[in-house]
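J.: Show me the folded form of this:
(one chain, ligands or ions: 1)
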Amino acid sequence: MIDFHSHILPGIDDGSRNEKMTLAMLGEEKRQGAETVVATPHFYADRDSIDRFLERRAKALAITNDAIKTANESRASKDGHFFPRIMTGAEVYYFPGIADAEKLPELCISGTDVILIEMPFVQWTDKVAKDIEAIIRDRHLTVVLAHIERYTGYQKDKGPWRKVMDLPLTTQINGGSFLKEMRKRRFCTKWIKERESCIIGSDCHNLESRAPNLERARAVIEKKAGRVVLERIDRNAAELLGK
Ligand SMILES: [Fe+2]
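T.: Numbering: from 1, shown residues only. Now for the predicted structure:
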């Protein structure tokens with residue numbers, strides 16, 4: 001199992017506050033069956049440069065790796081498999097000119113050409129659709145749109161939405177959206193059944209209000225959409241990460 005979306009690195013965004021919390025979240029991910037967790041801290045171009053973000057992320061990762069090492073050494077078994085493997089990425093909030101940002105590929109998930117993009121929480125425009133298209137066709141990156149279920153309420157004019165959805169991209173749904181109100185769950189279940197290129201992620205931020213939740217989400221998916229759909233989701237995620 002892969003958790004494709006998490007705010008698990010310490011002290012870098014509104015996710016984990018420190019390495020202790022990070023280890024607890026990683027331990028919980030492992031307990032739920034995650035072998036790989038993609039760490040996707042928020043990147044906001046209006047607050048940060050890509051270089052500075054990468055520096056901060058490298059520091060947070062180094063702190064995490066040290067904490068994992070210490071935790072593993074203090075246990076009886078030293079096989080280092082108490083925690084899932086971490087891959088680094090970013091949750092890149094859409095910004096005008098995103099497709100032209102020279103260092104955009106550096107925000108891809110480590111060792112891949114996959115970029116997780118958080119779309120605007122307003123009515124999308126044709127310009128937004130064009131930018132996403134340019135990231136795919138001109139920059140040759142593989143786009144995953146984060147928590148697709150969270151934008152629908154803003155899209156009164158469905159034109160730009162359709163243009164984006166017609167692009168060759170992957171959509172990601174949050175685990176929590178399968179656990180909330182019936183209406184959202186129905187939308188998400190229909191979405192994952194109908195769209196081939198779909199994956200899930202916990203978007204976990206902590207251990208309370210936004211905790212790792214893929215175990216429960218997967219149980220709902222299997223029950224409501226079937227095992228074949230769940231297997232497709234897993235296959236999609238593995239393929240994106242080149243596994
Ligand atoms: Fe997120």
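J.: In the particular helix or strand that has residue 232 in it, which residues are buried?
T.: Element membership of residue 232 [criterion: DSSP states H and E] is helix 227-240. Using 16 or more other CB atoms under 10 Å as the test for burial, helix 227-240 gives 229, 230, 232, 233, 236, 237, 240. Placement of C-beta: from N, CA and C, glycine included.
J.: is it possible to export those residues to CSV including pLDDT and distance to residue 138?
T.: Converted to CSV, the buried residues of helix 227-240 look like this (pLDDT from 0 to 100; distance: CB to CB, whole Å):
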residue, pLDDT, distance to residue 138
229, 98, 33
230, 98, 34
232, 98, 29
233, 98, 29
236, 98, 24
237, 98, 26
240, 98, 20
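J.: so which of those comes closest to residue 159?
T.: residue 236 (26.9 Å; CB to CB).
J.: wait, the closest one sits on residue 170?
T.: Yes - Residue 236 is in contact with residue 170 according to CB atoms under 8 Å; the separation is 6.6 Å.
J.: if you average pLDDT over the top helix by length along the chain, what comes out?
T.: Using DSSP state H to define each element, the chain has its longest helix at helix 50-73. In this model, helix 50-73 has a mean pLDDT of 95.
J.: Give me every residue in the protein lying close to the ion.
T.: Residues of the chain lying near the ion by CB under 5 Å from the ion: 91, 203.
J.: Okay, now the unreliable bits of this protein?
T.: Within the chain, the ranges that satisfy pLDDT under 70 run 75-81, 243.
J.: can we see that at 50?
T.: Across the chain, nothing is flagged by pLDDT under 50.
J.: Where do the helices of it begin and end?
T.: Going by DSSP H, the chain shows helices at 19-32, 50-73, 126-137, 158-165, 182-194, 214-225, 227-240.
J.: So which elements touch the fifth one?
T.: Packing contacts for helix 182-194, counted by 3 or more CB pairs under 8 Å, 6 or more residues apart in numbering; DSSP states H and E, involve strand 170-174, strand 198-201, helix 214-225, helix 227-240.
J.: okay, the ones you listed in a markdown table with distance to residue 65 next?
T.: Converted to a markdown table, these look like this (distance: least, CB to CB, whole Å):
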| stretch | distance to residue 65 |
| --- | --- |
| strand 170-174 | 25 |
| strand 198-201 | 22 |
| helix 214-225 | 23 |
| helix 227-240 | 23 |
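J.: Pull out the buried positions in stretch 139-155.
T.: So stretch 139-155, judged by 16+ other CB under 10 Å, has buried residues 139, 141-151, 155.
J.: Ok, stretch 204-212 next?
T.: Using 16+ other CB under 10 Å as the test for burial, stretch 204-212 gives 204, 205, 206, 210, 211, 212.
J.: Of these, which is the nearest to the ion?
T.: Checking the buried residues of stretch 204-212 against the ion by CB to the ion gives residue 205 as the nearest, at 7.5 Å.
J.: need the contact list for that closest one.
T.: 7, 14, 15, 16 (CB atoms under 8 Å, 6 or more residues apart in numbering).
J.: With residue 145 instead?
T.: Residues in contact with residue 145 (CB under 8 Å, 6+ apart) are 116, 117, 119, 132, 164, 169, 170, 171, 172.
J.: 10 Å instead, please
T.: Residue 145 is in contact with 94, 115-119, 132, 151, 164-165, 167, 169-173, counting by CB atoms under 10 Å, 6 or more residues apart in numbering.
J.: From the residues you listed, keep the buried residues only.
T.: Counted by 16+ other CB under 10 Å, these give 94, 115-119, 132, 151, 164, 169-173 as buried.
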